[in-house]
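Colleague: Have a look; sequence and predicted model below, questions after that.
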Amino acid sequence: DAGVTQSPTHLIKTRGQHVTLRCSPISGHKSVSWYQQVLGQGPQFIFQYYEKEERGRGNFPDRFSARQFPNYSSELNVNALLLGDSALYLCASSLDRARGNEKLFFGSGTQLSVL
Amino acid sequence: AQSVTQLDSHVSVSEGTPVLLRCNYSSSYSPSLFWYVQHPNKGLQLLLKYTSAATLVKGINGFEAEFKKSETSFHLTKPSAHMSDAAEYFCVVSEGGFQKLVFGTGTRLLVSP
């Protein structure tokens, strides 16, 4: 079975541009979460989506948005890119959304570089 | 807000010797705690999780962790390190009514022959 897949694996953008990152969860998983990992730090929670609805949002500006499609895949969009948005963006999927029952499976991430 | 503190940024051990990675947590109620491992150019992998069923939690690859409420600790141990254990390890706590994971800053485990 395929794991969580993310595309692209690497991306280079310039300041002010827009970027879309994509994630396909494990088959049967209905929850998708997005995390940002800046070099040398632990991942930070951005969003959780379950059944196509936003269920949780981290402390990120409105330039960050996401959506989940009927097939449970997800997109993370970032507008007006800043140098500080350079990071590894991780997608994770799980069967459900209940706290305490988490078993998240992470993809290998998209490495975004903003120049 | 819940948080975790990883007490060592780097830990160096020799192959075959015990591993101890330290983590303290801060939580206003009974937490869900996890250890994740991140190998270079690979995704995060769940090692083990604590959800109040038992204080000693066994995970994959011979790792285990003990939840100590009195010390607010959740240290990760392994009796004998293997070269393949070299990686970044994250202590994690779950926060909120949804699956928001709060990661520590990570501990880089170095294993020498």
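Modeller: On my side now, so go ahead. Keep in mind that this is a model prediction, so the values were computed, not measured. Numbering: from 1, shown residues only, chains lettered A, B, ... in the order given.
Colleague: Just give the closest residue to the residue of chain B found nearest chain A, not the sequence neighbours.
Modeller: Chain B approaches chain A most closely through B:Phe103 (3.1 Å), counting by Cβ to the nearest Cβ. Just so you know, the C-beta spots here come from the backbone N, C-alpha and C atoms, and that holds for glycine as well. Nearest residue to B:Phe103, sequence neighbours excluded (Cβ to Cβ, 6 or more residues apart in numbering or on different chains): A:Gly42, at 3.1 Å.
Colleague: SS state for that neighbour?
Modeller: coil (DSSP: H, G, I helix; E, B strand; the rest coil).
Colleague: Adjacent strands (with direction) for the helix or strand of chain B with the lowest mean pLDDT?
Modeller: Every helix and strand of chain B was ranked by mean pLDDT, DSSP states H and E. The lowest is strand B:100-103, at a mean of 89. The sheet places strand B:100-103 alongside strand B:87-95 (antiparallel), with pairing taken from DSSP bridges.
Colleague: How about chain A: which residue is closest to chain B?
Modeller: For chain A, Cβ to the nearest Cβ, closest residue to chain B: A:Gly42, 3.1 Å.
Colleague: which of the residues in the least confident helix or strand in chain A by mean pLDDT are buried?
Modeller: Lowest by mean pLDDT, DSSP H and E among the helices and strands of chain A is strand A:53-57, with a mean of 90. Buried residues in strand A:53-57, counted by 16 or more other Cβ atoms under 10 Å in any protein chain shown: A:Arg55, A:Gly56.
Colleague: Contacts for the following helix or strand past it, please.
Modeller: Per DSSP states H and E, strand A:53-57 leads on to strand A:64-68 as the next helix or strand towards the C-terminus. Here strand A:64-68 makes contact (Cβ atoms under 8 Å, 6 or more residues apart in numbering or on different chains) with A:32, A:34, A:46-47, A:49-54, A:74-79.
Colleague: Identify the spatial nearest neighbour of the residue most central in space within chain B, chain neighbours not counted.
Modeller: Taking Cα atoms, centre = their mean, the centroid of chain B lies closest to B:Trp35, which sits 3.4 Å from it. Take B:Trp35 and drop its neighbours on the chain: the residue closest to it by Cβ to Cβ, 6+ apart is B:Leu47, 4.3 Å away.
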